[in-house]
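J.: The sequence and its predicted three-dimensional model are supplied below.
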Amino acid sequence: VQLQAYGGGLVQPGGSLRLSCTASGRIRSIGFMAWYRQAPGKERELVAQSNPNGSENYVDSVKGRFTVSRDNTKNTMYLQMNDLRSEDAAVYYCNAAISAQGRTLYNQYWGQGTKVTVSS
């Protein structure tokens, strides 16, 4: 099982970007999926989480600007980021609880980071 995050890049302040995270491999079920970010010199923080029951959680600083969604048919999670600010610049990581085929327990997996740069 692997997670792959992509979609980062350079965007001007006020701009938008959409990140994607796709799970692949012998997957039986996916539980929560989440986006974290880590800026230089700072701790990794939870940005947004999508839960199997459809609920979503966001860190206060992105509420109203970021939207997390998922396409279960594609095992993919998205993060739509609007009105980007300099403080949003970071490496974004995806994280998910995944149960592999033939297993009942869920393990957490991390994708490689994708860098978001916000600069004029």
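T.: That came through, no problem. Numbering: from 1, shown residues only.
J.: Identify the residues contacting Gly113.
T.: Ala5, Gly8, Gln38, Val91, Tyr92, Tyr93 (C-beta atoms under 8 Å, 6 or more residues apart in numbering). Every residue, glycine included, has its C-beta placed from N, CA and C.
J.: and the gap between the nearest residue to the fourth one once chain neighbours are set aside and Tyr93?
T.: This points to Val91. Among residues not flanking Val91 along the chain, Gly113 sits closest, at 3.8 Å (C-beta to C-beta, 6 or more residues apart in numbering). Between Gly113 and Tyr93 the distance is 5 Å, computed by C-beta to C-beta, to the nearest Å.
J.: what's the answer for Gly9, then?
T.: Look at Gly9 and Tyr93: by C-beta to C-beta, they are 16 Å apart.
J.: For the closest residue to Lys74 other than its chain neighbours, give the beta-bridge partners.
T.: Closest residue in space to Lys74, ignoring its immediate chain neighbours: Thr22 at 6.9 Å, by C-beta to C-beta, 6+ apart. Beta bridges link Thr22 to Gln4, Thr76 when assigned by DSSP bridges.
J.: Could you check the pLDDT of Thr22?
T.: Looking at Thr22, its pLDDT stands at 97.
J.: residues near it, how many?
T.: 17 (other C-beta atoms under 10 Å).
J.: That one: what's it in contact with?
T.: Here Thr22 is in contact with Leu3, Gln4, Lys74, Asn75, Thr76 (C-beta under 8 Å, 6+ apart).
J.: Select from those the one having the most neighbours.
T.: Result: Leu3 is most packed of the contacts of Thr22 (other C-beta under 10 Å), 23 neighbours.
J.: Gln108 is in contact with that residue, correct?
T.: No. Leu3 lies out of contact with Gln108 (C-beta atoms under 8 Å); the separation is 9.8 Å.
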